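Participant: Here is the input, now give the coordinates:
(chains A and B)
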Amino acid sequence: MIKADAKVLLEVRNLSATVAGVEILKGIDLTVRAGEVHAIMGPNGSGKSTLAKALVGHPAYTVSGGEVLFEGKDLFAIAPEERSRAGLFLGFQYPVEIAGVSNSAFLRLIYNTGQGAHGKDELDPLEFDDFVREKMKLLDMDPNFLDRSVNDGFSGGEKKRNEILQMALLEPKLAILDETDSGLDIDALRTVAGSVNRLMTPDNAVVLVTHYQRLLNYIVPDYVHVMEGGKIIKTGGKALAEELETRGYDWVVEEYRKQESRPGSPAYAESHL
Amino acid sequence: MSTVLENLVNQPYKHGFVTEIESETAPKGLSEDTIRLISAKKNEPEWLLEFRLSAYRHWLTMPEPAWPNVKYPKIDFQDIIYYSAPKPKKLASMDEVDPELLRTFEKLGVPMNERAKLAGVAVDVIFDSVSVATTYKQKLAEVGIIFCSISEAVREHPELVRKYLGTVVPPGDNFYAALNTAVFTDGSFCFIPRGVKCPMELSTYFRINTESSGQFERTLIIAEEGASVSYLEGCTAPKFDTNQLHAAVVELVALDHADIKYSTVQNWYAGDEKGVGGIYNFVTKRGLCKGVNSKISWTQVETGSAITWKYPSCVLLGDNSIGEFYSVALTNHHQQADTGTKMVHIGRNTKSTIISKGISAGHSNNSYRGLVRIAPKAEGARNYSQCDSMLIGSQCGANTFPYIQVHNDTAKVEHEATTSKIGEDQLFYFQSRGIGAEEAVSMIINGFCKEVFRQLPMEFAVEATKLLGLKLEGSVG
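Facilitator: From the prediction side, this is the model:
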């Protein structure tokens, strides 16, 4: 829900980032306020996942320019684990498998670490077991996932649910969900979307990174951003996503190129130096 | 990869202090005279001196083993002290133990006195070469269990020692076993008579204190028909820049229906981060499942020593006997480990299980070497082996050398091996959930080792978990 006076959670200013020396993000500007749902869409390779991973501090992504404020503080001044404790969450596109580490122990550790960071009470294993089982019910997850190793041998859809389960445990201020809809059948999609909607409050926000409009039928975005070539080239409302679904991305890209090639535009100036 | 991984393996060794204690030390060097001196100091019977001398003469003809996957400068066996004992050495009770020594064990967290009673663990403490204290002896004696230093056993129970000593590891078995047989100074002796289940964990704590002294202890455990015992062994040493030699021999004998469980947490000084100093841990451990339905189980957590060379083994002679080997070997910095087991199936329907977990970090090198041998008459023998290696960082090495020799068609032998790496993505996954890299590594390692930790007595399992965490601290970055 858009409210002009809502608190700014995330302020991305002219962010650029490289992976293995190649510049992928080329000046991103994005403002996310409390209570908002943003969708970042775009074709493969447009830099959507890079933006998500650069924000949470994945070591393979190097920030090469610009700045990011999270609740007014420099996000890049703190380590990835501190960003999590500050309330930033990434639901991974491909959650990694960690053989040998039990999912229940892992979930309890992250939950209690989060509680500790916010000065709240931790739960002992028995209390936590009751607590997490309730959360799992909402996600339609079989409790036997607790006894397995973290993501180990999970199907694509099971991994995604496990990500949303973690989001439900951590209750982040800002959750970035990277392609959470991929690998989910329609029922699972509805369940997962329902959980995300339930977690939404006027004080937090969600950024959905997605290819398809499908997810946005269930989690309705306030803003839709189209990324291409490491930039946000168009921003609109929910209707933009629907238009993209029917017309594809090409027309947006073309429109952007035309606009940029007009004399006087910054891109024109750059290319004619 | 990241500095996270590199910083996590750098934790100072906390047992590296030296205890100022008056000790009686033989001059450096090895000759028949040294052996006669050791034997005389200990008032040994003639047969034992002869046993030592014959081992020594055999040793002189043996080459040092060159096959292990470890590198070290040649050892000068004349530059080692073969006998060092704290004075006074004859003790009637714990009260007479040098308080400095007690404080040492206090620092190490070894339960003695009251704490031993609370923990319900009987402890034998070997300091340098001599057993300084054995707790709980009286209570054990009531059920007929003998638990004392091997020197005392030689004096008090010579017939038992003579009957079993060297029957599992013969004097000429290998280079270091022969050396041990020639010069062993003390160690633990444990005898569980027929039908007795030992009512508590038995424990020995070994400590090398004197610089340039070697430690050559000899442990002999006998479980008679239907007896059972669980035995724990812990080891530490101060930090010295010179390398110290530790060449122990452990022999276990299980008669019909007997059960011996032997657990080790080895944390000898490993040298500094550049690889200077540390213990050369060249140990021969072997159990003989002599009787039918007998069982010997080895569990080891090897975290210390500059070099570890040990293969706790089982000879499965009795029909239906069972051998087990559960091992975690962690190497960091410039540590080298070549460790594993031998399961020799001789009797019918004998079974063995090998679970080995190797963790390498820093510039270390960690090898599993194991033999499974099925003799021609071992009808229906079965073995299952699983050898997993985990690499932390990109400068370390892991190797697996399995040897499988099957001479009976009815045998079933399975071997599985995996190698994994704690990857940047796994660590980042934890970090993105608010968990620091060190805690992440410790959680992954404990998960990796849990099949082995589950075999340890509870207090040891807790200690082992902590120890691995400490050892890896600073290796991730």
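Participant: Once you drop chain neighbours, what's closest to the residue in chain A positioned nearest to chain B?
Facilitator: With CB to the nearest CB as the measure, A:Gly100 is the residue of chain A nearest to chain B, at 3.0 Å. C-beta: built from backbone N, CA, C; applies to glycine. Leaving aside its sequence neighbours, A:Gly100 sits nearest to B:Gly447 (CB to CB, 6 or more residues apart in numbering or on different chains; 3.0 Å).
Participant: Show me what residue 149 is bridged to.
Facilitator: Here I'm looking at chain A. As for beta bridges, A:Ser149 partners with A:Ser102 under DSSP bridges.
Participant: actually it's chain B I care about, not the one you picked
Facilitator: Under DSSP bridges, the beta-bridge partners of B:Ser149 are B:Ser188.
Participant: Chain B contacts on the stretch 51-200 of chain A?
Facilitator: Counting by CB under 8 Å from any CB of the partner chain, the residues of the stretch 51-200 of chain A close to chain B are A:56-60, A:79-85, A:89-90, A:92, A:95-96, A:98-102, A:105-106, A:109-110, A:113-114, A:117, A:149-150, A:166, A:170.
Participant: Give me the phi and psi angles of the residue of chain A closest to chain B.
Facilitator: With angles defined as degrees, to the nearest 10, A:Gly100 sits at phi 90, psi -20.
Participant: contacting residues around it?
Facilitator: Neighbour list for A:Gly100: A:149, B:444, B:446-448, B:450 [criterion: CB atoms under 8 Å, 6 or more residues apart in numbering or on different chains].
Participant: quick one: it from B:Lys357, how far?
Facilitator: Look at A:Gly100 and B:Lys357: by CB to CB, to the nearest Å, they are 10 Å apart.
Participant: Give the residues shared as contacts by these two.
Facilitator: By the contact definition CB under 8 Å, 6+ apart, A:Gly100 and B:Lys357 are jointly contacted by B:Phe448.
Participant: which stretches of the stretch 351-477 of chain B aren't confidently modelled?
Facilitator: Along the stretch 351-477 of chain B, the model assigns pLDDT under 70 to residues B:459, B:473-477.
Participant: on that earlier part again, of all the contacts of A:Gly100, which two lie farthest apart?
Facilitator: With CB to CB as the measure, no two of those lie farther apart than A:Ser149 and B:Asn446, at 12.3 Å.
Participant: Spell out, range by range, the helices that occur in the stretch 101-250 of chain A.
Facilitator: Counting by DSSP state H, counting those that start in this stretch, the segments of the stretch 101-250 of chain A that form helices are A:103-117, A:125-138, A:156-170, A:186-199, A:238-247, A:250-261.
Participant: Report the buried residues of the second one.
Facilitator: By neighbour count, with 16 or more other CB atoms under 10 Å in any protein chain shown as the criterion, the buried positions of helix A:125-138 are A:128, A:132, A:135-136.
Participant: element containing B:Val301?
Facilitator: Assignment of secondary structure by DSSP states H and E places B:Val301 within strand B:295-302.
Participant: Tell me the neighbouring strands of that strand, and mark each as parallel or antiparallel.
Facilitator: Sheet pairing for strand B:295-302, assigned by DSSP bridges, gives strand B:259-266 (parallel), strand B:322-331 (parallel).
Participant: Point out the most buried one among those.
Facilitator: Most buried of those by mean neighbour count (mean count of other CB atoms under 10 Å in any protein chain shown) is strand B:322-331; its value is a mean of 26.
Participant: beta partners for the residue of the stretch 201-350 of chain B at minimum distance from chain A?
Facilitator: The nearest approach of the stretch 201-350 of chain B to chain A comes at B:Val328, 12.4 Å away (CB to the nearest CB). Following DSSP bridges, B:Val328 is listed with bridge partners B:Val301, B:Lys357.
Participant: Name the residues of stretch A:58-71 that come out as buried.
Facilitator: Residues of stretch A:58-71 classed as buried by neighbour count (16+ other CB under 10 Å): A:58-59, A:61, A:63, A:66, A:68-71.
Participant: In helices, which of those fall?
Facilitator: Counting by DSSP state H, no part of the buried residues of stretch A:58-71 is found in helices.
Participant: Now the phi/psi pair for B:Phe282, please.
Facilitator: Main-chain dihedrals, B:Phe282, degrees, to the nearest 10: phi -110, psi 90.
Participant: wait, doesn't it sit right on B:Ala177?
Facilitator: No. Contact between B:Phe282 and B:Ala177 fails when scored by CB atoms under 8 Å: they sit 9.3 Å apart.
Participant: between those two, what contacts are shared?
Facilitator: Residues touching both B:Phe282 and B:Ala177 (CB under 8 Å, 6+ apart) are B:Ala247.
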